[in-house]
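1. I need the structure of the sequence given here:
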Amino acid sequence: MSAIPGLGLKKPAAATSGSDEDVELYESRKQIYPQSISGKFRNIKWTLLAVGMLVYYFLPFVRWDRGPDQPSQAVLVDLGNGRFYFFGIAIWPQEVYYFTGLLILASFTLFLMNAVAGRIWCGYLCPQTVWTDLFLLIERWTQGDRRDRMKKAKQPWTLETVVEAILKHSLWLMIAWWTGGAWVLYFADAPTLVKQLATFQAPAQAYIWILILTASTYLLAGFAREQVCIYMCPWPRIQAALTDEWALNVTYRVDRGEPRGSVKKAKALRLEGKPAGDCVACDQCVVVCPTGVDIREGLNMGCIQCGLCIDACDNVMKKIGRPTGLIGYDTDINVQRRAAGLEALKPQIFRARTLVYVALILAVSAAMAFSLATRRSLGVDVMHDRNPIFVTLSDGSVRNGFTVRVLNPKGYERAFKLSLEGLPQGRLTVLGEPAGDEAGVPVVAPPDQTLELRVMVTVPGDVQMPQSTPIQMVLTDAKTGERVAKADYFKAP
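-> Below is the predicted model of the structure:
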């Protein structure tokens, strides 16, 4: 029964008469022990890991002054009050289109990254990759590198291995716990919640979510690892449908590497004028791979394009005095050209596909920036009473009822004037509020809240008017003069 490269599937064995042998659909998992490596791409991954961890763990503690009685946390998801704060920006629930815009931006950015360099997100920025790298670092520090860990896995437990295992899992759990703890800090004032957690006075939901995220981080980064990338994550399948022949992917130069052989054998073949590949079959590209892929077999769904095999191969090439780049980022079109004996082409980063993605990203970003820059600091919403639509009073006048919501997103109390336009004969009154003047009815909205008002519009009975007359409710800031209007209709018999 032979394995199908890249999928872990096994081809059914030839059936024999009378055989009851079960056919295995999947290969049994083989424990992967990635070896440590140094090089350009490994340094890039360490840098991104450090920056990402610092931002994730410490961003909740960054302060931002929004005025009195306002949250001072720079990034906060305030579910209780329905607000999302990001430094100087505050998003209300009715402004969900900003979150939609962010999701669209994230999608187009992911598509652009894929068009440029394949699964670069998976190899460098995906949380599963980042936390797995961190857990592997701890594993190497406590139990040794690849050979040491493989040797200890085959030996009986000793006091030394028990202590190492306890230390490793303790550090894993500590990081996993702080990962879950940092996540809940984005939903409440971080210093206050930390104190409550330490004194066991935090809400039960905080402990539940910390427990859930601690367990998921511990299991996924410590044990599942490459299984998440190969079997659980849908992106490899989606990415394969979005890529093209110009996307840069980690590629083995078959034309340079084959036929493989030892350094001595290759040297002897070259002296005889016979073909000899640069690949010395050292398998370093395989042992450093976090998913256990042999890149020499071609593009593989298990390859996360992290570039560690490039570092490993380049290090070997330098030692044996051969040119680096036997494994590197290359395009599929160049693979085909080399196989046909043609000269490789320069990668075309700027092409129709990538330019379209860039244009879409810029367009969505510009639209969101314009919307944020021009959005009003007040809002009004009007809802006409459904039943009854209108009421005829004893004196013959006609009255319509409305529910008006006044939005004050500022962190301080504000005075407004609510007025009526489009109905000169109409009179606007607000239940529970004093009578207004020509400028409108005065209303006061609390800070960072929505004020709901019951509004009546009355027209004298001697006024002839159609069954439906368009009107506008106008809200004006009494101090700045900023105004906003909402259209509706006045209904009559």
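2. care to break this structure down by domain?
-> 40-241, 244-339, 379-491 (automatic domain parsing).
3. Point out the most buried one among the ones you listed.
-> Most buried of the domains of the chain, by mean neighbour count (mean count of other C-beta atoms under 10 Å): domain 244-339, with a mean of 18. Heads up, the C-betas are built off the backbone N, CA and C, glycines and all.
4. And that domain, end to end?
-> From its first residue to its last, domain 244-339 covers 18 Å (C-alpha to C-alpha, to the nearest Å).
5. OK, contacts around residue 95?
-> When contacts are counted by C-beta atoms under 8 Å, 6 or more residues apart in numbering, residue 95 touches residue 375.
6. can you do 7 Å?
-> Not one residue lies near residue 95 by C-beta atoms under 7 Å, 6 or more residues apart in numbering.
7. Same question for residue 284.
-> Contacts of residue 284 by C-beta under 7 Å, 6+ apart are 312-313, 316.
8. give me that answer again for 10 Å
-> 35, 37, 308-309, 311-313, 315-316, 327 (C-beta atoms under 10 Å, 6 or more residues apart in numbering).
9. Can you list the low-confidence ranges for the chain?
-> For the chain, applying pLDDT under 70 flags the ranges 1-28.
10. and residue 47, backbone torsions?
-> phi -60, psi -50 (degrees, to the nearest 10).
11. do the one 3 residues further on as well
-> Residue 50 has phi and psi values of phi -60, psi -50 when expressed as degrees, to the nearest 10.
12. And it, how far from residue 126?
-> 16 Å (C-beta to C-beta, to the nearest Å).
13. Check residue 274 too.
-> Here the criterion is C-beta to C-beta. By it, residue 274 lies 44 Å from residue 126.
14. ok, back up a step: of all the domains of the chain, which one is nearest residue 373?
-> domain 40-241 (10.9 Å; C-beta to C-beta).
15. now the domains of the chain as CSV including distance to residue 366?
-> Formatted as CSV, these follow (distance: least, C-beta to C-beta, whole Å):
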stretch, distance to residue 366
domain 40-241, 11
domain 244-339, 27
domain 379-491, 23
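16. For the stretch 1-150 of the chain, just list every one of the helices.
-> With helices called from DSSP state H, counting those that start in this stretch, the stretch 1-150 of the chain shows them at 40-58, 97-117, 120-124, 127-143, 146-154.
17. mind checking which of the ones you listed is nearest residue 346?
-> helix 97-117 (14.0 Å).
18. helices or strands next to the closest one in the packing?
-> The helices and strands touching helix 97-117, judged by 3 or more C-beta pairs under 10 Å, 6 or more residues apart in numbering; DSSP states H and E, are strand 83-86, strand 89-91, helix 120-124, helix 235-242, helix 352-374.
19. Can you name the element that comes right after the last one?
-> Secondary structure here is assigned by DSSP states H and E; on that basis, the next helix or strand after helix 352-374 toward the C-terminus is strand 379-384.
20. do the fourth one as well
-> Read in the C-terminal direction, the helix or strand following helix 235-242 is strand 249-252, with elements assigned using DSSP H and E.
21. hey, C-alpha coordinates of that next one in PDB?
-> Output of strand 249-252 as PDB, limited to C-alpha atoms (Å, rounded to 0.1, in the frame of the first residue of the first chain):
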ATOM      1  CA  ASN A 249       6.200  29.300  -3.900                       C
ATOM      2  CA  VAL A 250       9.000  27.400  -2.100                       C
ATOM      3  CA  THR A 251      10.400  25.300  -4.900                       C
ATOM      4  CA  TYR A 252      13.100  22.700  -5.300                       C
END
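22. What are the contacting residues of the very next helix or strand once past that strand?
-> Remark: after strand 249-252, the chain's next helix or strand is helix 254-257, criterion DSSP H and E. The contact list for helix 254-257 (C-beta under 10 Å, 6+ apart) reads 277-281, 296, 298, 313, 322-323, 325-327, 335, 337-339, 341, 344.
23. Quick check: the spatially most central residue of the chain vs residue 364, distance?
-> With distances taken as C-alpha atoms, centre = their mean, residue 106 lies nearest the centre of the chain, 6.9 Å away. Residue 106 is 10 Å from residue 364, where distance means C-beta to C-beta.
24. Same check on residue 289?
-> 36 Å.
25. what's the longest helix in this protein?
-> helix 159-184 (DSSP state H).
26. Please compute how far the helix or strand following that helix lies from its chain's middle.
-> The helix or strand immediately downstream of helix 159-184 is helix 190-198, counting by DSSP H and E. Remark: helix 190-198 is offset 26 Å from the chain centroid, using C-alpha atoms, centre = their mean, to the nearest Å.
27. packing partners for helix 190-198?
-> helix 159-184, helix 204-219.
28. elements contacting the longest one?
-> By that I understand helix 159-184. Under the contact rule (3+ C-beta pairs under 10 Å, 6+ apart), helix 159-184 is packed against helix 40-58, helix 127-143, helix 146-154, helix 190-198, helix 204-219.
29. ok and it relative to helix 204-219, angle-wise?
-> Counting by axes from the mean of the first three to the mean of the last three C-alpha atoms, to 10 degrees, helix 159-184 points 140 degrees away from the direction of helix 204-219.
30. Measure how helix 159-184 sits relative to helix 146-154, angle-wise.
-> Calculated by the same axes, to 10 degrees, helix 159-184 forms an angle of 110 degrees with helix 146-154.
31. And for the last one?
-> Computed with the same axes, to 10 degrees, the direction of helix 204-219 lies at 100 degrees from that of helix 146-154.
32. Show me how far helix 204-219 is from its chain's centre.
-> 19 Å.
33. cool, stretch 334-341 as well?
-> With C-alpha atoms, centre = their mean, you get 37 Å for stretch 334-341.
34. Let me see the backbone angles for residue 337.
-> Main-chain dihedrals, residue 337, degrees, to the nearest 10: phi -70, psi -40.
35. re the thing from before, out of the contacts of helix 254-257, which sit inside strands?
-> Judged by DSSP state E, the contacts of helix 254-257 include residue 327 as members of strands.
36. Just the contacts of helix 254-257: which are in helices?
-> 313, 335, 337-339.
37. For residue 401, list the residues it contacts.
-> Contact partners of residue 401, counting by C-beta under 10 Å, 6+ apart, are 383-386, 388-391, 431, 454-457.
38. partners of the helix or strand encompassing it in the sheet?
-> Element membership for residue 401, per DSSP H and E: strand 398-408. Counting by DSSP bridges, the strands paired with strand 398-408 are strand 379-384 (antiparallel), strand 391-392 (antiparallel), strand 449-459 (antiparallel).
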